[in-house]
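In: Got a sequence here, can you build the structure:
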Amino acid sequence: MNCREFRAHHCAFVDDTLSAADMVAMRRHVERCPSCSQLDTRVRRSLLVVRNAPEIECSPDFALRLQARLRDLGPTDRYSTPAPSFLFMSVRYAALAAGVLAAGVVAAMVAEAFDESAPEVRMAPVVAVAPAIDPIPAALTSPDYVASVMSGMPVWPAVLVAGQSSAHVASYEFQLTGGQ
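Out: Here you go, the predicted structure:
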């Protein structure tokens, strides 16, 4: 698990709505990553503060005073307000464009920081060399083996027979059961 996945699933982790495997992975990440551990601690502490805060109660006459104040203000006409000036609108759009551009730059920087792809590794060129020839094993030069090749009678070493025995037994059992 990486930090991006941890942050994406942190709300579900705090609410304990993830699967058991995901909860274990999240706990392991919290134990190993100091920044995500600090985030988890801050979120959990803030939730404790909010949950333990006393409930705010309005005074008994709050609703009556609010209604009176709204009645004093009277209705407003949405269309009677003057239109904003051209300068104000152009500054507003310029600020919006600058904000969008800044958000794009920040998003690109964050994406680059969390990029997990490894850099391309370039190795020095290698020259291929023919492998050394292994000497012929002694078992293949024994007179019994040579005689079996000449006469056409197979004489298998015990190691090869032991390695193939399970296949022969399975094949034999399959034939006995009438397998297709």
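
In: give me the number of residues near Asn2?
Out: Per other C-beta atoms under 10 Å, the neighbour tally for Asn2 reads 12. C-betas here are computed from N, CA, C, even on glycine.

In: Ala111 now?
Out: If we define neighbours as other C-beta under 10 Å, then Ala111 has 10 of them.

In: likewise Cys3?
Out: When neighbours are counted by other C-beta under 10 Å, Cys3 comes out with 14.

In: show me where pLDDT drops low in the protein?
Out: The model of the chain has pLDDT under 70 over residues 78, 80-83, 113-121, 128, 130-180.

In: try 90
Out: Counting by pLDDT under 90, the ranges of the chain that qualify are 1-2, 14-16, 18, 44, 46-60, 62-63, 70-94, 104-180.

In: buried ones in the helix ranked longest in it?
Out: Taking DSSP state H as the assignment, the helix of the chain that covers the most residues is helix 86-113. By neighbour count with 16 or more other C-beta atoms under 10 Å, helix 86-113 contains no buried residues.

In: what packs against that helix?
Out: For helix 86-113, there is no helix or strand it packs on, judged by 3 or more C-beta pairs under 8 Å, 6 or more residues apart in numbering; DSSP states H and E.

In: Let the chain start at 12 from now.
Out: All right, first residue 12 from here; so that's helix 97-124.

In: Just say helix, strand or coil for Arg82.
Out: helix (DSSP: H, G, I helix; E, B strand; the rest coil).

In: dump the residue contacts of it.
Out: Residues near Arg82 by C-beta atoms under 8 Å, 6 or more residues apart in numbering: none.

In: quick one: it and Arg76, what's the gap?
Out: 11 Å (C-beta to C-beta, to the nearest Å).
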